[in-house]
Each structure stands twice: as structure tokens, then as C-alpha cells.
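> Okay, predicted coordinates and the sequence, questions at the end:
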Amino acid sequence: MKVLGILGTHNPAGVTGQMLQAVLKGAAISADTEWVDLNDYALTPDHDGLTDPDLDALETKMLAADVWVLAAPTYLGGLAGVMKNFLDCFRNRIARYNAVGEAVPDRFKNKHYVTITDCYAGGLENYVTGVTDAAFKTMDKFLTMGGLIKSREIVVTGTWGMQTLSAKKQAEGERVGAAAAHKVERDDNTVKRYIQLFFMIAVMALITMGIEAGVGRLFPLTNFWAYYGVFVVIFYVLLASILHFFTVVKHRRR
């Protein structure tokens with residue numbers, strides 16, 4: 001097992017780099033680890049049939065690793081430029097493209113990844129406004145395009161003036177690294193997801209019936225269609241709220 005850490009920040013010794021080091025420290029208990037600082041590479045896109053040698057070197061390291069850990073701060077509400085430049089330059093290598101330009105997972109399929117970001121905003125502000133969401137989504141888009149499987153994401157908030165990672169976050173990073181180094185080889189969670197879906201619907205139906213019982217006391221539902229209509233509306237609102245949470249507010253923000 002090999003875990004590759006890829007750092008995209010102007011300050012390798014900063015909080016972002018410290019968190020990446022913490023993750024690699026945890027992974028090193030049971031796996032080989034390697035650190036890559038993107039500042040050490042002069043990355044340019046492949047063009048005119050010529051490949052960039054630095055991209056070739058990074059690709060070799062990425063192919064050899066089972067788990068990637070991408071770490072970059074959030075600047076101005078988006079992903080830091082050092083990491084974004086790497087993603088832009090590597091975009092034509094992360095997957096193969098079919099005749100209509102659709103990305104098809106290829107050589108990197110089923111590898112696992114962890115993403116790390118941080119921001120000046122405090123935990124509550126980030127939770128409410130999602131300052132770090134754009135950074136996570138950019139990295140997720142790139143990695144899932146290649147067929148990689150997400151293991152975990154880590155966010156560090158309130159980094160203005162922070163020189164040293166807190167003991168709590170250091171421990172979190174090490175735990176995540178240790179877990180990532182023991183990734184499950186088989187990732188077919190279909191049965192698990194169906195079980196989760198069953199219980200989710202069962203709970204939603206129970207809550208809907210409870211709410212409807214309260215509505216019935218205020219406005220008697222005397223026929224089938226009235227009862228059915230109220231049930232559908234309440235169930236829809238609950239379902240929409242849950243889907244919104246898991247598709248928009250799912251990122252770790254604190």
C-alpha cells in the first residue's frame with residue numbers, strides 16, 4: 001500500500017502542509033508514503049503532441065500510489081491556484097475521452113483519495129456559508145472524473161494568524177491517514193445503500209404520518225384524496241430537504 005500526498009500551496013510549511021503531514025504520518029504506520037510539493041514542478045499542459053516531463057514524473061508517482069491525498073487552501077472562495085493549475089494541466093490524463101469528449105475512467109479507476117482544505121473563516125461562518133465548498137467540489141470533480149473513490153475530506157477553519165495546527169486537528173489528520181491506508185479493496189456498497197435507503201424512507205414516512213396526524217386535527221382530512229395530497233406534499237418537502245443537504249451541504253465545514 002502506498003499513500004501519495006500532493007500539496008498545492010505557496011507556503012509548504014503552513015497549516016495546509018501541516019495537515020497533509022499529519023495524514024501521511026497516520027498512513028505511515030502501515031503504508032509507504034510520499035510527499036509531493038507542486039511548487040517543485042514547472043507544470044504546463046501537454047500540447048502539439050509533446051508531453052510535459054514534469055507531468056510525466058507526477059503521473060508515474062500517481063499510478064504507483066493506491067491512495068492520493070490532495071491538500072490546498074481555499075483562497076477568495078475557490079481552490080488555491082497552485083493546485084488548480086495542476087488539475088488544469090493534468091485534466092487530459094486523469095481519464096480517457098471518447099469520440100464525443102466524454103471522460104471515461106481509465107488507469108486511475110478505483111484508487112482512493114482524501115481531500116484537505118482550509119480557510120480564514122471561522123467554523124460557524126464556514127458551516128453557514130460554505131466558504132470551502134467550491135474548493136472541495138473542484139477537487140472532487142477532477143478526481144471522480146478519473147474514477148477515484150472518495151475516502152474522506154478534512155477542513156481547517158479560522159486559520160488567520162494560525163502558525164501551528166491544533167492538537168485536535170493533528171489527531172484528526174493522523175486518524176484519517178491511518179484509516180485511508182486500510183482502504184477496502186472491494187467498493188461495491190450497493191446492498192448497504194439499499195438498506196440505508198430503506199431505513200431513510202421508513203423514517204421519512206413515519207415523520208410524514210406524524211405531521212399529517214397533527215394537520216388532521218386542525219383541518220380534518222375526510223376523504224382519501226385529501227389525505228393522499230397532504231401526505232405527498234409533506235413527504236416531498238422532507239425528501240427535497242434531505243437531498244439538498246446531501247448534495248449541497250454535505251461537505252465537512254468545521
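Right, received. Where do you want to start? Numbering: from 1, shown residues only.

> starting at the chain centroid, how far to the helix or strand of the chain with the lowest mean pLDDT?
Within the chain, no helix or strand scores below helix 224-248, which has a mean of 83 by mean pLDDT, DSSP states H and E. In terms of Cα atoms, centre = their mean, to the nearest Å, the centre of helix 224-248 is found 27 Å from the chain centre.

> Equivalent analysis for stretch 98-111, please.
19 Å.

> same question, stretch 78-98
16 Å.

> Contacts for that stretch, please.
Residues from elsewhere that reach stretch 78-98 (Cβ atoms under 8 Å, 6 or more residues apart in numbering): 6, 8-10, 38-39, 41, 43-46, 52, 55, 58-59, 70-75, 103-106, 108, 117, 134-135, 138-139, 142-143, 145-147. Where C-beta positions appear, they are placed from N, C-alpha and C, glycine not excepted.

> please redo it, this time with the cut-off set to 7 Å
With contact meaning Cβ atoms under 7 Å, 6 or more residues apart in numbering, stretch 78-98 is reached by 8-10, 38-39, 43-46, 52, 55, 59, 70, 72-73, 103-106, 108, 134-135, 138-139, 142, 145-146.

> Now for Ala213, how many residues are close by?
10 (other Cβ atoms under 10 Å).

> what's the helix or strand in which it is found packed up against?
Using DSSP states H and E, Ala213 maps to helix 190-218. Under the contact criterion of 3 or more Cβ pairs under 7 Å, 6 or more residues apart in numbering; DSSP states H and E, helix 190-218 touches helix 224-248.

> Between helix 190-218 and the helix it packs on, find me the angle.
Relative orientation of helix 224-248 versus helix 190-218 (axes from the mean of the first three to the mean of the last three Cα atoms, to 10 degrees): 130 degrees.
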